[in-house]
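S.K.: Using only what follows, build the 3D model:
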Amino acid sequence: MQVEDHGLVAPERGLGLEIEALRRLERDARRCVDPRADSHDRRQRAAGDAAVSFAGERLLVWESVRPAVVLPRHGDPDTWVHVQACAAREVPLLYRESGGGAVVVGPGCLNFALVLSLDRRPGLVDVELSYDRLLCTLAGVLAIDGIATRATDLAIAERKFAGHAQRRVRGALLHHGVVLYDFDLGLIDALLPEPSRRPAWRAHRTHREFLTTAPLMRHEIVRCLGRLPAALDE
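M.R.: Residues are numbered from 1 along each chain as shown. Sure thing, here's the model as predicted:
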């Protein structure tokens, strides 16, 4: 599994790349063993299917060429977004495969997606344990002084710079996130209202009080993410 850095792309294209990778791995996981085969053949077939599934794992990196708001798959724009402000700025409203909250993407916000085989990584089947494992691994490869995991976020000095969400299908997991590194945080104020549901560690802080950017340049983040595959296999 190598880092596939797609650079600056339309946000629709970046989200599409993630969905394509997830669906491809899901199709691999759905391959059936012939019930007429003997037990030896079934074991061989199962081993072959697992190898194909593992080979289908991906780590995608992309950055939106323009600002966009990405909503959770069942998100109501009127709840999550300043719709008129987005319209006035010609900022599109898009949907991703996972849940969570609305996020603003654009230049200075790096998107990454891990598409992983749950058949080969049964330790990630449990949602809470998977977040703990993946976020701790991410924190380790980023190696930023003072970095900490908080719920489904990564933080520096108790301020969030990276958020994550997941989507599960048969045999496959999409774990994706955004890393703010050179992003206009004022844009988030302009486009998103303060959320009604907040993680406990956020308390009552506003976007400006809660968010920060990573002290890394884009190429440094990508280089760090390149260590993820080996770290996950340890």
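S.K.: mind checking the end-to-end distance for stretch 75-88?
M.R.: Its start and end residues considered, stretch 75-88 measures 21 Å (CA to CA, to the nearest Å).
S.K.: Check which helix or strand the residue nearest to the spatial centre of the chain maps to.
M.R.: For the chain, residue 176 is the residue whose C-alpha lies nearest the centre (CA atoms, centre = their mean; 0.8 Å). The secondary structure element spanning residue 176 is strand 172-180 (assigned by DSSP states H and E).
S.K.: Check which helices and strands that strand sits against.
M.R.: Of the remaining helices and strands, those touching strand 172-180 by 3 or more CB pairs under 8 Å, 6 or more residues apart in numbering; DSSP states H and E are helix 11-29, strand 109-117, helix 127-142, strand 159-169. Quick note: C-beta positions are derived from backbone N, CA and C, even for glycine.
S.K.: Would you enumerate the residues in contact with the nearest residue to residue 186 once chain neighbours are set aside?
M.R.: With CB to CB, 6 or more residues apart in numbering as the criterion, residue 186 has its nearest non-adjacent residue at 7.9 Å, and that residue is residue 208. Contact analysis of residue 208 by CB atoms under 8 Å, 6 or more residues apart in numbering lists 185, 186, 189.
S.K.: what's around the residue lying closest to residue 56 once chain neighbours are set aside, how many residues?
M.R.: The shortest distance from residue 56 to any residue that is not its chain neighbour, by CB to CB, 6+ apart, is 4.3 Å, and that residue is residue 25. Residue neighbour count, defined by other CB atoms under 10 Å, stands at 28 for residue 25.
S.K.: Identify the spatial nearest neighbour of the residue nearest to the centre of the chain, chain neighbours not counted.
M.R.: If the residues on either side of it in the chain are set aside, residue 176 comes closest to residue 113, at 3.9 Å by CB to CB, 6+ apart.
S.K.: Tell me how far the one you found lies from residue 105.
M.R.: Residue 113 sits 13 Å away from residue 105 when distances are taken as CB to CB, to the nearest Å.
S.K.: same deal with residue 161?
M.R.: Between residue 161 and residue 105 the distance, using CB to CB, works out to 14 Å.
S.K.: who's more crowded, these two?
M.R.: When residue 161 is set against residue 105 and neighbours are counted by other CB under 10 Å, the residue ahead is residue 105, at 26 against 23.
S.K.: Show me what the closest residue to the more buried one other than its chain neighbours is bridged to.
M.R.: Counting by CB to CB, 6+ apart, residue 64 is the residue found nearest to residue 105 once chain neighbours are left out, at 4.4 Å. Residues found in beta-bridge contact with residue 64 (criterion: DSSP bridges) are residue 9.
S.K.: and residue 64, how many neighbours?
M.R.: Tallying neighbours of residue 64 according to other CB under 10 Å, which is how burial is gauged here, yields 26.
S.K.: wait, doesn't it sit right on residue 8?
M.R.: Yes: between residue 64 and residue 8 a contact is recorded at 7.5 Å, counting by CB atoms under 8 Å.
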